[in-house]
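Q: Need coordinates for the following:
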Amino acid sequence: MTPLWIALLITALPALWLMLSPLWRARALFEAQRRFEERDDANRQNVAIFRRRLTSLESALDRGDIDQARFDEDKLELERSLLEDTAPAPKRALKKPGAGRRVVPLVAVAVLVAAVVGYQRSGAEGDLRLYALRSAWESTPGHSFESYIAPLEAEAGRQPGNPNVWGTLFTLYRETGRLEQAAKALNRLIAIEGRAPALLSELAELRFFMAERTLTPEVQALVDEVLALDPRQPKILSLLGVHAFGEGDYALAIDRWRRALASLGEGETSEALRDGIREAQARMASSEANVSTDGMFE
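A: Numbers count the residues shown, from 1 in each chain. As a prediction, the model looks like this:
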């Protein structure tokens, strides 16, 4: 986890710099603005413009381009414009360069705290802990599933709402033969993730084999629920094929396994289903041959 927090801190540094850098430049900006306002010569420029325009009017009057009435009117307009342009405008006093120095660091700290808390609540910190736990387990010489279960159970106590914890525990319990604990872990996972067909199929399969390949009322209820949600769910169809095969109904077993194959890609499961279909076909052919032979001797 330490490298993660170091990485998060490094990514936060540019944001902190953007927030704090205006404070470092505040004094220089304050002095520059103050000098600009002190050197404000807009009034002097307005007076110079007024004088040039008045001179132009006087020249026009001397040349006879305008009469005295027009001269007086234009001069009055120039004087009004000068009064408007040179009227003292209210200026907002500059704030001291130290204003806000205490607020900005507090905001920066609050942003960091909010980021950390938000990550802990909505981020993947729990999954990173699981990854570190698995990496440590895999790097241990002679590691076994049993040595992985105990620390993972402790992690389940710290992260009871993390579905990845219960999903991993379910797999470990199943692989080590702790089927009842596997069922409990799977039920916790279903409580978190919802009654998804894939999870219900896992539970139905587990309970089916725990009951020595018997369709108990609990298993049948799970099968019915899954088929209502997803009629092509391959694990349930495979389970029904196994049950039919055990009952000697090879035609039904072949049908269920073929339907399961239609929903599966290539892999070990698909090959196992094909082997099952071939075995069911062989047994069905043998059974039909025996029936024919028996008929010949009646």
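Q: Tell me where the chain is predicted with low confidence.
A: 1-5, 7-9, 12, 15-27, 29-43, 85-105, 107-108, 111-112, 114-127, 289-298 (pLDDT under 70).
Q: Break this structure down into its structural domains.
A: Using automatic domain parsing, the domain parsing of the chain gives 2-85+100-116, 127-136+144-194, 205-289.
Q: okay if I get those domains as CSV plus mean neighbour count?
A: Any C-beta I mention is one placed from the backbone N, CA and C, and that applies to glycine too. Formatted as CSV, those follow (neighbours: other Cβ atoms under 10 Å):
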stretch, mean neighbour count
domain 2-85+100-116, 12
domain 127-136+144-194, 16
domain 205-289, 16
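Q: residues making contact with stretch 174-190?
A: Contacts to stretch 174-190, defined as Cβ atoms under 8 Å, 6 or more residues apart in numbering, come from residues 145-146, 149, 160, 163, 166-167, 169-170, 173, 196, 199-200, 202-203, 206-207, 209-210.
Q: I figured residue 214 hits residue 208, correct?
A: Yes: Residue 214 is in contact with residue 208 according to Cβ atoms under 8 Å; the separation is 7.2 Å.
Q: next one: the host helix or strand of residue 277 to chain centre, how far?
A: Element membership for residue 277 (DSSP states H and E) is helix 268-296. Relative to the centre of its chain, helix 268-296 is centred 50 Å away, using Cα atoms, centre = their mean, to the nearest Å.
Q: what's the distance between the closest residue to residue 196 other than its chain neighbours and residue 72?
A: Ranked by Cβ to Cβ, 6 or more residues apart in numbering and with sequence neighbours excluded, the top spatial neighbour of residue 196 is residue 190, at 7.7 Å. Noted for residue 190: a distance of 97 Å to residue 72, by Cβ to Cβ, to the nearest Å.
Q: swap in residue 260?
A: 106 Å.
Q: How about the secondary structure of residue 212?
A: For residue 212, the assignment made with DSSP: H, G, I helix; E, B strand; the rest coil gives coil.
Q: What does it show for phi and psi?
A: Main-chain dihedrals, residue 212, degrees, to the nearest 10: phi 60, psi 50.
Q: list the contacts for it?
A: Contacts of residue 212 by Cβ under 8 Å, 6+ apart: none found.
Q: any idea how far it is from residue 246?
A: From residue 212 to residue 246 the distance is 10 Å (Cβ to Cβ).
Q: Could you double-check that residue 195 lies in contact with residue 228?
A: No: look at residue 195 against residue 228 with Cβ under 8 Å: they stay out of range, at 10.9 Å.
Q: Please, which helix or strand holds residue 10?
A: Assigned by DSSP H and E, residue 10 falls in helix 2-38.
Q: Can you name the element that comes right after that helix?
A: helix 42-63.
Q: Touching that following helix from outside, list them.
A: 66-68, 71, 74-75, 78-79, 81-82, 85-86.
Q: Kindly export it (C-alpha atoms) in PDB.
A: Only the C-alpha atoms of helix 42-63 are listed here, as PDB (Å, rounded to 0.1, in the frame of the first residue of the first chain):
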ATOM      1  CA  ALA A  42      -5.900  59.000 -18.100                       C
ATOM      2  CA  ASN A  43      -7.000  62.500 -17.000                       C
ATOM      3  CA  ARG A  44      -4.000  64.100 -18.500                       C
ATOM      4  CA  GLN A  45      -4.500  62.400 -21.800                       C
ATOM      5  CA  ASN A  46      -8.200  63.400 -21.800                       C
ATOM      6  CA  VAL A  47      -7.200  67.100 -21.200                       C
ATOM      7  CA  ALA A  48      -4.600  66.900 -24.100                       C
ATOM      8  CA  ILE A  49      -7.300  65.500 -26.400                       C
ATOM      9  CA  PHE A  50      -9.700  68.300 -25.400                       C
ATOM     10  CA  ARG A  51      -7.100  71.000 -26.100                       C
ATOM     11  CA  ARG A  52      -6.300  69.500 -29.600                       C
ATOM     12  CA  ARG A  53     -10.000  69.400 -30.500                       C
ATOM     13  CA  LEU A  54     -10.600  72.900 -29.200                       C
ATOM     14  CA  THR A  55      -7.700  74.200 -31.300                       C
ATOM     15  CA  SER A  56      -9.200  72.500 -34.300                       C
ATOM     16  CA  LEU A  57     -12.500  74.200 -33.600                       C
ATOM     17  CA  GLU A  58     -10.900  77.700 -33.200                       C
ATOM     18  CA  SER A  59      -9.000  77.200 -36.500                       C
ATOM     19  CA  ALA A  60     -12.300  76.200 -38.300                       C
ATOM     20  CA  LEU A  61     -13.900  79.400 -36.800                       C
ATOM     21  CA  ASP A  62     -11.000  81.600 -38.000                       C
ATOM     22  CA  ARG A  63     -11.300  80.100 -41.500                       C
END
